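Asker: Provide a 3D model corresponding to the input given below.
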Amino acid sequence: MNVYRFAVRLRERGHEVTLLGRPETPVYEKARQEGVMVVPFDVRVKYADIKAASRLASLLKERRIESLIISVAKDNYVAGWAKIFFYPRLRLYYQQHMQLGVSKKGLVQTLLYRSLTAWISPLELLARQVREKTRMPPGRIHVIPLGIDLKQFEGVEEKRQKARLFYGLPPDAFVAGIVGRLHPDKGHHYLLKAAGHLHWAGQPLHVLIVGEETRGGTGRYTASLQQTAGEQGIENLVHFHPYTEETALAYAALDVFVMASLGETYGMVTIEAMAAGLPVIGTNTGGTPELLGEGRYGRLIPPKDEKALAGALKNMMNNPGRKQLGQAAQQYALSTFGYHLQCKAMEELLTGGSSTGAGV
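Answerer: Below is the predicted model of the structure:
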């Protein structure tokens, strides 16, 4: 959905934007329902779909689109072949969302990457990986953080009473929580076990888990979380709630946000929690340390370590300075991660040529 939101924001700023995507995806359907220009396009062969590349080039030429932003790594192939063989004047931008796990310095990869007008990483960590693991020209690698709508998190403290009532939380309880997709990689179990440690040490806290399993999920992970809560003796202190569009309400209900993921590349929910003025406890892995200013705007702990998490939570519970930590995080988020900053930086890249339209 980050791709969809970015397309909408560019359109709101006066740009002509077209979304290309598979018709069965939620993004495609949402764009169609809300009146965003969307064109069906599918790739059948993962790495060498030359026919798809030809179709893509024809589609872009027909619509006079000379700038194309891609956000899925495998799409570098069809878009790159489209530019190299069929549409040389196409300006091609890759907006990175995931880490590079292995070296990508092969001949074909080098050829495709060097066809890019720009490679856009949301974090310096990821840009460094690109410089180390590819032969992408360093001058074409740019760091532009993914932005969010910060206005929705203004004044969340005023919603605290409403939020506690909505989620069924005691008004005076200390509440830690995770907001986001329910998946083992997100580390919910470690938060529950940490809460169990504190409960049996005489310092109970409530846990709020907001989110759902991915579409097609079996419900087994949710059931396993409920089982863990029962094993820890804290089933009455753990509150599950499905995802809601009003995410600001979830943050308003919390005293501390926990990013317990085993390896989060770019935690949008971490930024949202910071923008809401919450102190954050995050795992010292992936992009989380950079988002938290290497510990200046949150507390970092090792992943998969419920005892370290319990210690950090205990410190937060007994630390009257946690509010100041949250305020510092909020100021940093407001000055760094607003979507208008992302759009402005992207506009500077896109207007470097003579494009008449943009495709995402």
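
Asker: in this protein, what residue sits furthest out from the centroid?
Answerer: residue 202 (35.5 Å; C-alpha atoms, centre = their mean).

Asker: secondary structure class for that residue?
Answerer: Here residue 202 is recorded as coil under DSSP: H, G, I helix; E, B strand; the rest coil.

Asker: please apply the same query to residue 282.
Answerer: Under three-state DSSP, residue 282 comes out as strand.

Asker: which residues touch it?
Answerer: 258-260, 267, 270, 288-289, 291-292, 298-301 (C-beta atoms under 8 Å, 6 or more residues apart in numbering). C-betas here are computed from N, CA, C, even on glycine.

Asker: how about the residues you listed in CSV, adding neighbour count, pLDDT and distance to residue 76?
Answerer: As requested, these are exported to CSV (neighbours: other C-beta atoms under 10 Å; pLDDT from 0 to 100; distance: C-beta to C-beta, whole Å):
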residue, neighbour count, pLDDT, distance to residue 76
258, 33, 98, 34
259, 27, 98, 29
260, 26, 97, 32
267, 23, 93, 24
270, 28, 97, 27
288, 26, 97, 26
289, 17, 97, 27
291, 29, 97, 25
292, 24, 97, 30
298, 28, 95, 33
299, 23, 97, 37
300, 18, 98, 33
301, 24, 98, 35
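
Asker: just the ones in helices from those, please.
Answerer: Those of the contacts of residue 282 mapping onto helices are 270, 288, 289, 291, per DSSP state H.

Asker: looking at it, the first one is touching residue 264, isn't it?
Answerer: Yes. Using C-beta atoms under 8 Å as the test, residue 270 is close enough to residue 264 to be in contact (7.4 Å).

Asker: need the residues touching each of these two.
Answerer: With C-beta under 8 Å, 6+ apart as the test, residue 270 and residue 264 both reach residue 288.

Asker: what residue lies at the spatial centre of this structure?
Answerer: Closest-to-mean residue, the chain, C-alpha atoms, centre = their mean: residue 268 / 3.8 Å.

Asker: what's near enough to touch that one?
Answerer: 2, 146, 148.

Asker: of the residues you listed, which belong to helices?
Answerer: residue 2.

Asker: need the contacts of residue 268 in a markdown table (columns: neighbour count).
Answerer: Listed next are the contacts of residue 268 as a markdown table, based on neighbours: other C-beta atoms under 10 Å:
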| residue | neighbour count |
| --- | --- |
| 2 | 18 |
| 146 | 19 |
| 148 | 20 |
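
Asker: of the contacts of residue 268, closest to residue 179?
Answerer: Looking at the contacts of residue 268 and their distance to residue 179, the nearest is residue 148, at 13.0 Å (C-beta to C-beta).

Asker: mind checking pLDDT for the closest one?
Answerer: Per-residue pLDDT puts residue 148 at 90.

Asker: can you name the residues bridging to it?
Answerer: residue 338 (DSSP bridges).

Asker: show me the shaky parts of this structure.
Answerer: 215-217, 352-360 (pLDDT under 70).

Asker: could you pull out the strands for the stretch 1-150 of the chain?
Answerer: 17-21, 38-40, 67-70, 91-95, 118-121, 141-143 (DSSP state E, counting those that start in this stretch).

Asker: residues making contact with the first one?
Answerer: Just to be clear, that refers to strand 17-21. 3-4, 7, 10-11, 27-28, 31, 36-41, 56, 59, 63, 65, 357-360.

Asker: in helices, which of those residues fall?
Answerer: 3, 4, 7, 10, 11, 27, 28, 31, 56, 59.
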